[in-house]
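K.L.:
when you get a sec, could you give me coordinates for this:
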Amino acid sequence: MSYTSTKILFMTTLISGLLITISSNSWLSAWMGLEINLLSFIPLMSNNDNMLMTEAALKYFLIQALASSSLLFVVISKSMVESMFTILNLPLSSVMISTPLLMKSGAAPLHWWFPSVMEGLSWMNCIILMTMQKIAPLVLISYTINSNSFLTTIIVISVTVGSIGGLNQTSIRKILTYSSINHMGWMLMAMIMGENMWLLYFMIYSLLTITIITIISPLNISFVNQTFLIKENNKVMKFLLFSSLLSLGGLPPFLGFMPKWMIIQFMIINSSPTIVTIMIILSLITLYYYLRISYSAFIILSTEPCWIQKNNDNMNALKLSFILMTISILGLNAFTAFINLY
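P.N.:
Residues are numbered from 1 along each chain as shown. So this is what the prediction gives:
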């Protein structure tokens, strides 16, 4: 996809499909918005000059088509029983409705397609897949969510897979993928707390993900060992990257710790000590491999490799990344001061 006008067209229809799904009051219109969103993203993923992108687009299309057809089957079956397509009135079918939506959003154990698709995408498409493409399924899940054993199982499996899956990865794309699966578990738990909580969690997660990719993309970095080779006298770039990674992992006092802190407090108040203990321990595993990468990057001395471009894009990316990283570092302190003052 090389034509700017074509990109603008498909991005417009992608956002339109997203808005149709969010604003719909029936399952058929929500399904239609999901399909518009999907068919707009496939051309953005495809690239005739890169077979990995084309393969990723095909995998994504097949999985999303399977999930969409399953969702349509459940909706039509439900309408035949209840004689209505409305989103409300879902006493027994929340599990059946949520399953294809969880597959669309990449929650474990329906995550098998997510790492391989991410590995073939450009960094801009990675941002779209990890942020925008999750909004519509998560909004629909929030309409039907009930605190039950099915949801608890999905949360625990997502946090477990996201933590353990990233331990032996060398690809930054796969590390961010498993981190996204881990955050899906926390977002589902935040949905039980209320709509405002999961929206806040999602916005902070999206901000941190965009910050990391904004730093990585101009440097043409795809693997962990390449981060060690960032120009040694440009330690600011390393500091920006790994501060954002640690914030994404939820290390205090960074901004990424704030929504997890609120969820932990809520779960303790509502007498869920077992689940919150499991989630905290598994999130510490995620933080462990982020710390391991950060420690190695700052200790290992190296020179600047030839693939890092020397142009104004790096400086523009550095300025934008510095602004976003400042929000990441000082965000928790700002929120705490705001709450205490007002």
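
K.L.:
can I assume residue 216 sits in a helix?
P.N.:
Yes. With DSSP: H, G, I helix; E, B strand; the rest coil as the criterion, residue 216 is part of a helix.

K.L.:
buried stuff in stretch 189-197?
P.N.:
189, 190, 191, 192, 193, 197 (16 or more other CB atoms under 10 Å). All C-beta atoms are positioned from the backbone trio N, CA, C, and that covers glycine.

K.L.:
export those to TSV and tack on secondary structure?
P.N.:
As requested, the buried residues of stretch 189-197 are exported to TSV (three-state DSSP):
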residue	secondary structure
189	helix
190	helix
191	helix
192	helix
193	helix
197	helix
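
K.L.:
which of these scores worst on pLDDT?
P.N.:
Within those, the minimum per-residue pLDDT falls on residue 193 (82).

K.L.:
wait, it sits on residue 265?
P.N.:
No. When contacts are counted by CB atoms under 8 Å, residue 193 is not listed as touching residue 265 (9.9 Å).

K.L.:
check the burial of residue 8 by counting its neighbours.
P.N.:
10 (other CB atoms under 10 Å).

K.L.:
ok, the one 3 residues further on next?
P.N.:
For residue 11, the number of neighbouring residues by other CB under 10 Å comes to 15.

K.L.:
mind checking the SS state of residue 169?
P.N.:
Put simply, residue 169 is coil when judged by three-state DSSP.

K.L.:
so which helix or strand takes in the residue nearest to it when sequence neighbours are not counted?
P.N.:
Once flanking residues are discounted, residue 169 sits nearest to residue 175: 5.1 Å by CB to CB, 6 or more residues apart in numbering. Assigned by DSSP states H and E, residue 175 belongs to helix 172-193.

K.L.:
just for the protein, where's the confidence low?
P.N.:
Applying pLDDT under 70 to the chain picks out residues 1-3, 82-93, 230-235, 300-322, 324-326, 328-342.

K.L.:
what's the spacing between the residue positioned nearest the centre of it and residue 193?
P.N.:
By CA atoms, centre = their mean, the chain has its centre lying nearest to residue 130, at 3.8 Å. Separation of residue 130 from residue 193 (CB to CB, to the nearest Å): 22 Å.

K.L.:
then residue 134?
P.N.:
18 Å.

K.L.:
can you list the buried residues in the helix or strand encompassing residue 203?
P.N.:
In this structure, residue 203 is located in helix 195-216 according to DSSP H and E. Buried residues in helix 195-216, counted by 16+ other CB under 10 Å: 197-202, 204-216.
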